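1. With the sequence up front, the predicted model follows.
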Amino acid sequence: MVAVTERTFSSNRVLLSAERCQTKFRRNKVLVSPIKWSPQCGQWSHAHYADLSTDECMMGVRRILYVYNGLGVSDVCRDQLFKTLSTLIHPDYHVVEYIKPEEIQCGLWKRNAALITFGGGYDEGFIGALRKEGLKQVQTYVESGGSYLGLCAGGYFGCDRIEFDKHGPLQVCDERHLKFFPGICRGPVFPGFKYRSFKGASAASVTYKPLSGQPVTFSSYYNGGGQFTLYGEGDSDQTVEILAWYNSLPGTPAAIVKSVVGDNGLAILTGIHPEYDSSLLARDDPCIQRFVDTLDKWDAERIDCFTDLLRRLRITVNF
């Protein structure tokens, strides 16, 4: 293999040292000439690549799972997502990193991305921080064959339109930009939601359809998420697959959906939090105490579900 590597810099900080540097690739190409400093992005860019075989490219390569870290994301949701991803991925193939809105806007992250994820919080914050350029970068990444995982607020964010707390004090009803799911996300599906609070949190019973085997029923952490409805009553869309249903709601609406986007891109959107490890919850909080034992009971099924979602998104897991 050609012994040429690219060092990645962000805000004057070396991310990969000489001892731990990874080969960056893009469509079976490797860096063969110097990269240039981009003052706007605060990173090196404009690299030139030479062709390599797929096998050569995969030697020593660890593609990145990016976790959004900026305005709109809950610190707890962000950290739960980061920890669970770090636990489940195969370390020979992937690494997990936080990514800021300004880094998303720059677009250089797309070269080595295996997945971009947005966790719980409020998606109006995502929109405000990313602005038009950042939204376009995420959209074009997925449309060009990338993978997106949106959980709770990230699930709303990935739809064509949302209806959140319609006619209520927290109402947000508007079109969304990414449009990975050709329909509406409506929520919260359970009452009592308040921002920065566990008052509306619960253990939501869902039935999940894995890649192989029979559907599995389990309970997952829930706090403010939505249900996913395709446009047009009774309509179907061959690019969309429902992966999980809320068991206790009338009509058992969709709790997790998968969409094929553009040129073989993939997006999975969830209203629940299968990434949440119940052992890390604030177990002394009376609101959490109401249902934490239920989450503990179904923890193995939760892990299986989240692992299955990662496999669907073309992530190599650790078992």
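-> Nice, I can see it.

2. okay, now Gly265: neighbour count?
-> A count of neighbours around Gly265, defined by other Cβ atoms under 10 Å, yields 19. C-beta here means a position set from N, CA and C on the backbone, and glycine is covered the same way.

3. ok, and the helix or strand in this protein with the lowest average confidence?
-> Least confident helix or strand of the chain, by mean pLDDT, DSSP states H and E, is strand 13-14 with a mean of 30.

4. measure Lys179 to Arg161 for me?
-> Separation of Lys179 from Arg161 (Cβ to Cβ, to the nearest Å) stands at 9 Å.

5. Low-confidence ranges, the stretch 51-200 of the chain, go.
-> Residues of the stretch 51-200 of the chain that meet the criterion pLDDT under 70 lie in 51-60.

6. So which residues of it form strands?
-> 63-68, 94-99, 113-118, 147-151, 159-164, 172-175, 181-187 (DSSP state E, counting those that start in this stretch).

7. Only C-alpha atoms, please: export the shortest one in CSV.
-> The C-alpha trace of strand 172-175 is given here as CSV (Å, rounded to 0.1, in the frame of the first residue of the first chain):
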residue,chain,number,x,y,z
VAL,A,172,-43.8,24.0,16.5
CYS,A,173,-45.5,23.1,13.2
ASP,A,174,-43.4,23.8,10.2
GLU,A,175,-41.6,22.4,7.2
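
8. how does this structure divide into domains?
-> Domain assignment for the chain, taken from automatic domain parsing, gives 9-58, 63-312.

9. Are we agreed that Met259 is in a strand?
-> One thing to correct before we go on: residue 259 is Ser, not Met. Yes. Counting by DSSP: H, G, I helix; E, B strand; the rest coil, Ser259 is found in a strand.

10. quick one: pLDDT of it?
-> Looking at Ser259, its pLDDT reads 97.

11. isn't it right next to Gln238, touching?
-> No. The criterion here is Cβ atoms under 8 Å, and Ser259 misses it with Gln238 at 10.6 Å.

12. Looking at those two, which has the bigger crowd around it?
-> Per other Cβ under 10 Å, whichever of Ser259 and Gln238 has more neighbours is Ser259, with 24 against 6.

13. In contact with the more buried one, which residues?
-> Contacts for Ser259 (Cβ atoms under 8 Å, 6 or more residues apart in numbering) come out as 180-182, 239-241, 266-269.

14. if we go to 7 Å?
-> Residues near Ser259 by Cβ atoms under 7 Å, 6 or more residues apart in numbering: 180-181, 239-240, 267.

15. What ranges does the stretch 101-250 of the chain have for its helices?
-> All helices of the stretch 101-250 of the chain, identified by DSSP state H, counting those that start in this stretch, fall at 101-106, 123-143, 153-157.
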